[in-house]
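Participant: Starting from these lines, generate the structure:
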Amino acid sequence: MLRVSFSRVYVFSASHRLHSETLSDGENESVYDKCNNLHGHGHDYKLEVAVSGEPDQQTGMIIPMPELDEKVSKVLDRLDYKHLDKEVDYFKKIPSTGENIILYLWNELVKEIGGSRLHHLKLWETNNNSFEIGKGGL
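Facilitator: Predicted structure coming up:
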């Protein structure tokens, strides 16, 4: 069965400090370098959300754009303009690395969009750093 995918890009801003409670101060500095700054730093993240499935017979769409926007916004609003380590419970116990942020987004978006439709996420932290997660390999 062929499936069609549809991708849409969203933007959110957040700050964080890369730091692990399981490492010493020296190890944190060594692993995270300048991103371990005590006061944190911020990013304007870009998130590509891809859904897949069979287009609806009537609308010709996998999911109406306003519905996708609403579901994604519900999740991103929890992160937007937040200090992740201080204001988002999920990151109070684990480092707010790009890898962990995209895992958080995947798990939350599966709840909103549904595991059968959510296909792939790509998160840009900077122009040089991006993270991907999806079904069936990348």
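
Participant: Surely residue 49 is in a strand?
Facilitator: Yes: according to DSSP: H, G, I helix; E, B strand; the rest coil, residue 49 belongs to a strand.

Participant: Relative to residue 18, how far out is residue 33?
Facilitator: Separation of residue 33 from residue 18 (CB to CB, to the nearest Å): 8 Å. Quick note: C-beta positions are derived from backbone N, CA and C, even for glycine.

Participant: These two: which is more packed in?
Facilitator: Under the neighbour definition other CB atoms under 10 Å, residue 33 and residue 18 were set side by side, and residue 18 has more, 19 against 10.

Participant: Show me where the protein has its helices.
Facilitator: Under the criterion DSSP state H, the chain contains helices at 25-32, 65-76, 84-87, 98-113.

Participant: Columns mean pLDDT and mean neighbour count on top of those, output as CSV?
Facilitator: Formatted as CSV, the entries for those read as follows, by pLDDT from 0 to 100; neighbours: other CB atoms under 10 Å:
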stretch, mean pLDDT, mean neighbour count
helix 25-32, 95, 13
helix 65-76, 98, 15
helix 84-87, 97, 18
helix 98-113, 98, 18
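
Participant: got those as TSV, with distance to residue 128 columns?
Facilitator: Below are the helices of the chain laid out as TSV (distance: least, CB to CB, whole Å):
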stretch	distance to residue 128
helix 25-32	16
helix 65-76	22
helix 84-87	20
helix 98-113	11
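
Participant: Compare those and give me the one nearest residue 45.
Facilitator: Shortest separation from residue 45 across the helices of the chain is recorded for helix 98-113, at 7.7 Å, computed as CB to CB.

Participant: just the CA coordinates of that closest one, formatted as CSV?
Facilitator: The C-alpha atoms that make up helix 98-113 are tabulated as CSV, following Å, rounded to 0.1, in the frame of the first residue of the first chain:
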residue,chain,number,x,y,z
GLY,A,98,18.7,18.0,20.9
GLU,A,99,18.4,14.3,21.0
ASN,A,100,16.3,14.4,24.1
ILE,A,101,14.2,17.3,22.8
ILE,A,102,13.3,15.5,19.7
LEU,A,103,12.4,12.3,21.7
TYR,A,104,10.2,14.5,23.9
LEU,A,105,8.5,16.0,20.8
TRP,A,106,8.0,12.6,19.2
ASN,A,107,6.3,11.1,22.3
GLU,A,108,4.1,14.2,22.8
LEU,A,109,3.1,14.5,19.1
VAL,A,110,2.3,10.7,18.9
LYS,A,111,-0.3,11.4,21.7
GLU,A,112,-1.8,14.4,19.7
ILE,A,113,-1.5,13.2,16.1
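
Participant: Having no further points to raise, I will conclude here.
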